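Visitor: Quick one, structure for this:
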Amino acid sequence: MSEKKNAQVYDPWEEMRQVTLPRHSKNEQNFQWVSVNDRHFQIPRDGQSHDVPLPIYEVIMHSRAMADFAADRSEAMMAELKRSAKESEQEV
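Guide: I've put the predicted structure just below:
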């Protein structure tokens, strides 16, 4: 029973990862706000690496992945629209 009391519990909030956010442009906020389970973090958008807890890192990585997916999907849709427009011009 004493072994269970002495066993350490893994806390993902203690594990730190480095994240680099691109510099903000003139009309953007100079910080990125990230919230997970009522824990709020303000990460500078200055192009430098910053240590953040693992849950915050995961949210940022998922956000980047979804932004990349949306950009790829948007480009694919635009290419399809352009191709369709060219085909319809050739038919006329």
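Visitor: Give me the nearest residue to His40, chain neighbours excluded.
Guide: Nearest residue to His40 in three dimensions, chain neighbours excluded: Trp33, at 6.8 Å (CB to CB, 6 or more residues apart in numbering). All C-beta atoms are positioned from the backbone trio N, CA, C, and that covers glycine.
Visitor: Just the element for the residue nearest to the spatial centre of the chain, please.
Guide: What sits nearest the mean C-alpha location of the chain, by CA atoms, centre = their mean, is Ser63, with 2.7 Å. Applying DSSP states H and E as the criterion places Ser63 in helix 54-91.
Visitor: Mind listing what's buried along that helix?
Guide: 55-57, 60 (16 or more other CB atoms under 10 Å).
Visitor: list the contacts for the closest residue to Phe31 other than its chain neighbours?
Guide: Distances taken as CB to CB, 6+ apart put Gln42 closest to Phe31, at 4.7 Å, once the chain neighbours are dropped. Shown in contact with Gln42 (CB atoms under 8 Å, 6 or more residues apart in numbering): 31-33.
Visitor: partners of the host helix or strand of Gln42, with directions?
Guide: Under the criterion of DSSP H and E, Gln42 resides in strand 39-44. Sheet pairing for strand 39-44, assigned by DSSP bridges, gives strand 31-36 (antiparallel).
Visitor: Do you know the pLDDT at Glu28?
Guide: Note for Glu28: predicted pLDDT of 88.
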